[in-house]
Structure formats: structure tokens, C-alpha cells
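Engineer: predicted model and sequence below, questions to follow.
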Amino acid sequence: PPSVTVEPSKPAPVVSTTPIQPQITLPVGKDYTEKIKGMRKAMVKTMTEANNIPTFGYDDEFDMSALVELRSKVKAITDEKGVKFSYMPIIMKAVSMALTEFPMLNASVDKSCENITYKAVHNIGIAMDTQDGLIVPNVKNVQSLSIFELAAELNRLQSLGLAGKLGTSDLSGGTFSLSNIGAIGGTYARPVILPPEVSIGALGKIQALPRYDNDGNIVKKNIMCVSWSADHRVIEGAYMARFSNLLKSFLENPGLIMLYLR
Ligand code: CAO
């Protein structure tokens with residue numbers, strides 16, 4: 001009789017996810033009410049204020065293929081130095097370089113929107129998902145830091161954020177914000193402006209997708225969708241679109257970042 005060989009069962013692949021544990025275990029079948037406090041209370045205030053801003057939305061997709069390759073080349077070096085190197089430090093640097101050309105996006109308005117202040121520094125806030133809720137610490141002086149310094153600073157903020165130990169100085173003084181929701185998943189988002197800032201960007205998940213090249217061939221690209229929200233009282237849609245185009249050119253051709261880097 002033909003012999004049947006049974007393959008030894010392979011162990012399931014290890015998926016490296018570190019989900020944030022839910023804070024409360026709800027009793028089944030029973031409503032549960034608790035006081036909204038701490039970071040979430042701050043979120044109620046900020047988001048309610050943000051809701052009064054007439055917001056303009058603009059989305060685009062960026063081809064991150066060159067950056068994916070670049071990061072894979074330098075990651076071993078940064079790992080060796082004990083610094084986790086994600087896409088964020090490069091994106092932040094490119095955003096800062098684009099903000100230099102579009103300063104109105106790195107501005108703040110007063111409550112009655114009668115004055116606009118163009119900020120001298122780029123303190124870029126990064127939305128972080130923590131056990132305490134959404135917090136947005138900012139990296140100060142992004143315009144003056146190297147990409148490696150940005151990575152180290154981001155590591156510091158992320159560790160403090162996860163430990164619930166971020167101080168007021170890290171949480172205040174932001175001039176522009178980014179929300180990397182793509183670290184969790186998704187494509188487009190509708191980011192909410194953090195007043196008194198006037199714009200914010202949400203980054204989707206970088207994913208391999210088929211796209212046409214210049215010769216009409218279908219090729220594999222690493223696509224990241226980006227969604228911008230801007231205060232339409234002071235920012236025109238065309239201004240936001242031009243900023244996004246400049247950032248796109250930086251991220252799609254990382255050599256350009258080098259060219260303009262100070
Ligand atoms: N697409 C694909 N991969 C991504 C990615 C993206 N957009 N963003 C991060 N990754 C990758 C990183 O490169 C890293 O990969 P390796 O394991 O290969 O090194 C991995 O995912 C983990 O990255 P990270 O999340 O630790 O680091 P980060 O610097 O990219 O992001 C932070 C840091 C704090 C922005 C992120 O952890 C986070 O909290 N995001 C959620 C933000 C959020 O909640 N926004 C909503 C606000 S409104 O409620």
C-alpha cells in the first residue's frame with residue numbers, strides 16, 4: 001500500500017505585536033460609568049475647542065519605496081547604537097524642510113482668530129497612543145536636529161509616553177503635528193487640529209501596492225497615504241496642496257533631503 005508521509009506540524013509564526021492592554025475589565029451584562037479624568041479630560045477640552053475650527057482636508061499618496069530601501073540600509077547602524085530607527089525621524093525632517101517654505105502651516109492663531117503668529121522653531125508634535133489615552137509630545141527644534149538626533153529624541157519621548165512619565169515641557173509648545181496612525185494600520189484618516197496650531201497630518205500604513213511606472217508597466221510600490229487637515233480660516237487649500245507636493249518630492253527622492261539639509 002502506498003505509504004503516507006505526515007509532515008511534522010510547523011510551529012505557528014511568531015507575530016511581534018505588543019498590544020496595549022485594556023485598562024478595565026467590564027463586568028458582562030452590567031453598565032459601568034467612570035469619571036473622565038487625566039489625559040482623557042484634557043482630550044475632551046482640546047477636541048471640543050478643535051471642533052470650532054472650519055477644517056479643510058486634503059489627501060494624497062506618497063511612494064515611499066526609496067525611503068523603505070534607505071531605511072533598511074541604515075537601520076543596522078542605528079540598531080548598533082541602540083536607537084530604534086522608524087520612518088518618523090526622516091518624515092519629520094522632511095516636514096520641517098517643507099515647513100521652511102510654507103511657514104503659514106507652522107503658525108498659531110489666537111482664540112478669536114484675529115492674529116496669526118509665525119513660529120520661529122519647528123516643534124513637531126507626534127500623536128502617541130498610550131494607556132492613558134492620546135498624548136502629543138513634541139520634538140523641539142526639528143529644523144536644527146539631524147535625522148539621527150530626531151530618532152533618539154523620538155525614542156526618549158516614546159519610552160516616557162509609554163511609562164506615563166512625559167512632563168509638561170515635552171507636552172507643550174508644539175507648532176505642527178503628525179499622527180502616524182499607520183503604525184497601527186489604515187490608509188486615510190481625518191486628523192483633528194490641535195489648537196492653537198493650524199495644521200496636522202496623518203500618515204497611513206506603508207503598504208506594497210501595484211502602481212504604473214512612467215512606461216505604463218505595473219510595478220510594486222510602497223505606498224503611504226497622507227491626510228492633511230488645516231484651519232481654513234487662515235490656510236488656503238492650494239497652500240496645503242503645494243506643501244504636500246513639496247514634502248512628497250522630498251520623501252519620494254530622499255537625495256533631495258540631502259541637498260537641502262543644513
Ligand atoms: N507604515 C508602515 N510601517 C510603519 C509605519 C507606517 N506608517 N509606522 C511605523 N511603522 C513600523 C516602524 O517602522 C517599525 O518597524 P520595525 O519594527 O521594522 O522597526 C514598527 O512599525 C513600529 O514602529 P513604532 O510605532 O514603534 O515607531 P514610529 O516611530 O513609527 O511611531 C508612534 C511612533 C508613537 C507615532 C506610534 O507608535 C504611535 O503611537 N502611533 C499611533 C498614533 C495615533 O494613535 N494616532 C491617532 C491620533 S488621533 O486619536
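Structural biologist: Cool, got the structure.
Engineer: now for this structure, the helix or strand with the poorest mean pLDDT.
Structural biologist: Across the helices and strands of the chain, mean pLDDT, DSSP states H and E gives its lowest value to strand 133-135, namely a mean of 88.
Engineer: what is the strand ranked longest in the chain packed up against?
Structural biologist: Secondary structure of the chain per DSSP state E: the longest strand is strand 218-231. Here strand 218-231 touches strand 55-63, helix 65-80, strand 199-203, strand 207-212, helix 237-252, going by 3 or more Cβ pairs under 8 Å, 6 or more residues apart in numbering; DSSP states H and E. Heads up, the C-betas are built off the backbone N, CA and C, glycines and all.
Engineer: get me the contact residues on the stretch 51-200 of the chain for the ligand.
Structural biologist: Within the stretch 51-200 of the chain, the positions adjacent to the ligand are 86-88, 126-129, 134, 154, 158, 179-184 by Cβ under 6 Å from any ligand atom.
Engineer: restricted to helices, list those residues.
Structural biologist: Judged by DSSP state H, helices contain the following of those: M88, L154, Q158.
Engineer: output those in CSV; the columns should cover distance to K41.
Structural biologist: Putting those into CSV (distance: Cβ to Cβ, whole Å) gives the following:
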residue, distance to K41
M88, 27
L154, 26
Q158, 23
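Engineer: in stretch 88-103, what counts as buried?
Structural biologist: Neighbour-count burial for stretch 88-103, counted by 16 or more other Cβ atoms under 10 Å, picks out 88-99, 102.
Engineer: quick one on the thing from earlier: give me the mean pLDDT for the longest strand of the chain.
Structural biologist: For strand 218-231, the mean pLDDT works out to 98.
Engineer: what do you get for stretch 109-124?
Structural biologist: Rounded mean pLDDT across stretch 109-124 is 97.
Engineer: end to end, how far does that stretch reach?
Structural biologist: This stretch, stretch 109-124, spans 17 Å end to end (Cα to Cα, to the nearest Å).
Engineer: what ranges does the stretch 51-200 of the chain have for its strands?
Structural biologist: 55-63, 107-109, 116-118, 124-126, 128-130, 133-135, 138-139, 176-179, 199-203 (DSSP state E, counting those that start in this stretch).
Engineer: how about these in CSV, adding mean neighbour count and distance to A189?
Structural biologist: Below are these laid out as CSV (neighbours: other Cβ atoms under 10 Å; distance: least, Cβ to Cβ, whole Å):
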stretch, mean neighbour count, distance to A189
strand 55-63, 18, 9
strand 107-109, 20, 22
strand 116-118, 13, 26
strand 124-126, 24, 14
strand 128-130, 18, 13
strand 133-135, 17, 13
strand 138-139, 24, 19
strand 176-179, 23, 7
strand 199-203, 26, 4
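Engineer: most tightly packed of the helices and strands packed on strand 218-231?
Structural biologist: Sort the helices and strands packed on strand 218-231 by mean neighbour count, taking mean count of other Cβ atoms under 10 Å, and strand 199-203 sits at the top with a mean of 26.
Engineer: lowest-confidence stretch among the helices and strands packed on strand 218-231?
Structural biologist: The stretch with the lowest mean pLDDT among these is helix 65-80, at a mean of 94.
Engineer: what is it packed up against?
Structural biologist: Helix 65-80 sits against helix 88-101, strand 218-231, helix 254-260, with contacts defined as 3+ Cβ pairs under 8 Å, 6+ apart.
Engineer: quick check: the residue of the stretch 101-250 of the chain nearest the ligand.
Structural biologist: G182 (2.5 Å; Cβ to the nearest ligand atom).
Engineer: excluding its backbone neighbours, what's nearest that residue?
Structural biologist: Closest residue in space to G182, ignoring its immediate chain neighbours: K205 at 3.7 Å, by Cβ to Cβ, 6 or more residues apart in numbering.
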